[in-house]
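Student: My questions concern the predicted model and sequence given below.
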Amino acid sequence: HDEVGTGGAAANEGDLIGFHLQCGFASGESGGLRFLIGDVVDAVFSVSRHLAIDELAPFFRRDGSDYIRNVKEVLNVLKGYNVDLVSGHTHVIVNTDLRSSDSFFERNAGAVCASWWVSGSNYPGLLLCTDGTPGGYKAMTVKDNEIASWQYKGTGRPEDYRMRTYDRNEVLLDSRWVSKTTADRQQEFLSTVGEYSKKSTANEVLINAWDYDNDWTLTVTEDGRELPVTRLNNAKDPLYLVTYEAYQLNNGYSISYPCEETGHIFKVTASSPSSTLEITLTDPYGRKSIETMTRPKPFTPSEYQVRH
């Protein structure tokens with residue numbers, strides 16, 4: 001469908017149409033918006049009701065505010081059409097669901113290079129984005145001119161690798177993680193990690209389910225009893241704090257890509273520090289990721305590295 005932007009649309013009525021927005025639009029310049037309103041509306045919208053758009057920068061931030069300019073104008077142009085937008089640029093995953101109001105779903109889709117390759121260089125087999133998402137890519141499956149499924153695939157990981165679990169009792173990010181740096185930089189690290197700098201005995205388990213949206217389900221059972229699951233709005237991934245920030249400080253490097261707070265970390269509270277939890281994450285297509293979590297679960301980078 002490369003002809004769409006040139007006035008020679010080869011699509012048939014009802015086809016799923018995919019196209020790329022120019023980078024000028026990402027910076028808010030008028031040229032990209034004129035392109036969208038002119039060529040695409042005339043050549044595409046008269047043919048298709050379902051659009052798949054890829055764009056460098058996202059439309060929205062995690063808090064729902066606009067990441068780029070002209071968002072409201074573009075949503076008005078797209079109103080009445082079923083739009084799936086895939087964006088990058090941020091090196092995190094943020095899913096923005098506006099289907100109820102604008103038939104619009106944005107998937108801000110992590111990054112192949114994760115934290116610009118740095119965490120994976122520090123700890124081979126632990127290539128992490130700044131929100132703890134594994135370095136990887138978003139895959140779209142199309143069947144009969146419809147999007148059949150989406151999947152975020154971590155590089156070097158199996159397809160069902162969609163979450164990472166932490167035994168909070170074992171997560172203690174104190175000055176021992178940064179013992180090779182100065183006292184000032186140790187304090188910088190302790191300020192960054194927040195509550196992780198304190199020993200916990202609350203029997204909490206954290207689950208980073210990076211591609212989660214409102215169509216997913218997460219269930220946790222302990223001895224057959226389902227535990228309440230709480231979604232945390234501003235949590236940091238402790239493994240990224242260790243593999244990137246602690247390593248950088250210990251080796252005299254700057255913190256160029258600090259850990260981002262995210263909304264895709266969840267918490268449950270178990271009844272004891274040694275119970276086994278059954279954790280099941282189910283995506284909108286019925287695909288399940290299951291972990292039988294034996295506790296205590298050690299918190300070390302080697303516990304989470306890719307094993308071939």
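Tutor: Nice, thanks for sending it over. Remember, it's a predicted structure, so these values are computed and weren't measured experimentally.
Student: could you list every residue that touches the residue positioned nearest the centre of the chain?
Tutor: Per Cα atoms, centre = their mean, the C-alpha nearest to the average position across the chain is that of I93, at 2.1 Å. By Cβ atoms under 8 Å, 6 or more residues apart in numbering, the contact list for I93 reads R107, N108, A109, G110, C129, D131, T133, Y152, W210, D211, T262, H264. Yep, even glycine has a C-beta here, placed from its N, CA and C like the rest.
Student: so R157 touches R307, yeah?
Tutor: No: contact criterion Cβ atoms under 8 Å: R157 and R307 do not qualify, at 10.4 Å.
Student: nearest to A57, of the contacts of I93?
Tutor: Proximity of those to A57 (Cβ to Cβ) peaks at N108, which lies at 9.0 Å.
Student: what number of residues lie near the closest one?
Tutor: When neighbours are counted by other Cβ atoms under 10 Å, N108 registers 25.
Student: hang on, it packs against N95?
Tutor: Yes: assessed by Cβ under 8 Å, N108 is found in contact with N95 at 7.3 Å.
Student: Which other helices and strands does the biggest helix by length in the chain contact?
Tutor: Scanning the chain for the helix with the most residues, using DSSP state H, yields helix 183-193. Under the contact criterion of 3 or more Cβ pairs under 8 Å, 6 or more residues apart in numbering; DSSP states H and E, helix 183-193 touches helix 247-250.
Student: what mean pLDDT does the next helix or strand after the helix it packs on have?
Tutor: Counting by DSSP states H and E, the next helix or strand C-terminal to helix 247-250 is strand 265-269. If you average the pLDDT over strand 265-269, you get 98.
Student: Give the buried residues for strand 265-269.
Tutor: Across strand 265-269, burial judged by 16 or more other Cβ atoms under 10 Å covers I265, F266, K267, V268.
Student: ok, those vs Q186, which is closest?
Tutor: For the buried residues of strand 265-269, the nearest to Q186 is I265 (24.9 Å; Cβ to Cβ).
Student: Please name the bridge partners of the closest one.
Tutor: N208, L232 (DSSP bridges).
Student: Contact partners for it?
Tutor: G132, L206, I207, N208, A209, R231, L232, A235, K236, D237.
Student: Pull out the buried members of those residues.
Tutor: Using 16+ other Cβ under 10 Å, the buried ones in these are G132, L206, I207, N208, A209, L232, A235, K236, D237.
Student: Just put those in TSV and tack on pLDDT and distance to R162.
Tutor: Shown next, in TSV, are the buried ones among the contacts of I265 (pLDDT from 0 to 100; distance: Cβ to Cβ, whole Å):
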residue	pLDDT	distance to R162
G132	98	12
L206	99	15
I207	99	10
N208	98	10
A209	98	6
L232	98	17
A235	98	17
K236	98	19
D237	98	14
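Student: For the closest residue to H89 other than its chain neighbours, give its distance to S65.
Tutor: Nearest non-adjacent residue to H89, counting by Cβ to Cβ, 6 or more residues apart in numbering: A57, 4.4 Å away. Distance of A57 to S65, given as Cβ to Cβ, to the nearest Å: 13 Å.
Student: Determine the number of other residues adjacent to P158.
Tutor: Neighbours of P158 using other Cβ under 10 Å come to 10.
Student: try G120
Tutor: With other Cβ under 10 Å as criterion, G120 counts 22.
Student: what residues are up against it?
Tutor: Taking Cβ under 8 Å, 6+ apart as the test, what G120 contacts is A114, L126, L127, L128, G135.
Student: Could you grab the helix/strand/coil label for the first one?
Tutor: When you say that, I think you mean A114. coil (DSSP: H, G, I helix; E, B strand; the rest coil).
Student: tell me the contacts of it?
Tutor: Contacts of A114 (Cβ under 8 Å, 6+ apart): H91, G120, L127, L128, C129, T133, P134, G135, G136.
Student: got a list of what the residue nearest to it when sequence neighbours are not counted touches?
Tutor: Excluding its sequence neighbours, the residue lying closest to A114 (Cβ to Cβ, 6+ apart) is G135, at 3.2 Å. Contacts for G135 were tallied using Cβ under 8 Å, 6+ apart; they are G110, A111, V112, C113, A114, S115, G120, L127, L128, C129, G154, T155.
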